[in-house]
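Peer 1: everything below, folded, please.
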Amino acid sequence: MPNNQVKIHACVLTTARYKISHRKWVGDHAGPFWLKTIQIIMEGIILKSSKNTHNAKSYPKPAKPMPDQSIRIADRNAYGYTYKDMLPLNKDCAIDFYNKNYAVFLLYSDGTESSVCNLSEIMGHDGIFGIEREDWYKKQFH
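Peer 2: Take a look at the predicted model:
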């Protein structure tokens with residue numbers, strides 16, 4: 001969800017919360033229920049918004065900035081996949097990371113990806129693979 005949509009949703013929900021808490025919208029008996037509902041929705045929007053920022057800056061930079069030194073971001077971009085927080089892998093590294101329980105993705109030249117469910121999917125894919133930058137950083141430091 002883009003930031004401007006998050007701001008709009010938060011604004012609408014804040015207005016609704018104000019009207020409910022000041023009994024301008026619903027009867028006394030429904031107020032606490034709707035206040036709690038709006039609070040939960042707002043927390044979900046904020047959480048979703050923070051996930052969309054992919055804040056990998058909260059982790060120190062890993063000793064090896066790329067999980068696979070044989071393929072570069074420029075290679076991934078030239079292939080047609082340009083999502084900045086997906087780090088590219090070749091097939092051998094994809095197999096290695098899959099066996100280490102990383103979430104590995106099949107990357108496609110139309111800019112889409114799909115999650116790998118089994119090793120045969122890696123073996124049957126002739127394109128580039130990837131792991132998310134945040135997963136790479138987390139596993140480096142935990």
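
Peer 1: and Pro88, what are its bridge partners?
Peer 2: Pro88 has these beta-bridge partners by DSSP bridges: Gly130.

Peer 1: please name the residues that touch it.
Peer 2: Met66, Asp68, Ile71, Arg72, Ile73, Asp75, Arg76, Tyr81, Leu107, Ile128, Phe129, Gly130 (C-beta atoms under 8 Å, 6 or more residues apart in numbering). Backbone N, C-alpha and C define where each C-beta goes, glycine included.

Peer 1: who's in contact with Pro65?
Peer 2: Per C-beta under 8 Å, 6+ apart, neighbours of Pro65: none.

Peer 1: just to be sure, it is in a helix?
Peer 2: No - Pro65: not assigned to a helix; according to DSSP: H, G, I helix; E, B strand; the rest coil it is coil.

Peer 1: show me the residues around Val104 that make contact.
Peer 2: Here Val104 is in contact with Leu89, Ala94, Phe97, Tyr98, Ser115, Val116, Ile122, Phe129, Gly130, Ile131 (criterion: C-beta under 8 Å, 6+ apart).

Peer 1: and if we set it to 10 Å?
Peer 2: Neighbouring residues of Val104 by C-beta atoms under 10 Å, 6 or more residues apart in numbering: 89, 93-98, 115-117, 119, 121-122, 129-132, 135.

Peer 1: ok, back up a step: quick one: buried ones out of the contacts of Pro88?
Peer 2: Met66, Asp68, Ile71, Arg76, Tyr81, Leu107, Ile128, Phe129, Gly130 (16 or more other C-beta atoms under 10 Å).

Peer 1: what's the helix or strand for the second one?
Peer 2: Here Asp68, judged by DSSP states H and E, is contained in no helix and no strand.

Peer 1: next one, pLDDT for it please.
Peer 2: Note on Asp68: pLDDT of 91.

Peer 1: next: the third one.
Peer 2: At Ile71, the predicted lDDT confidence score is 93.

Peer 1: just say helix, strand or coil for it.
Peer 2: Following three-state DSSP, Ile71 is assigned to coil.
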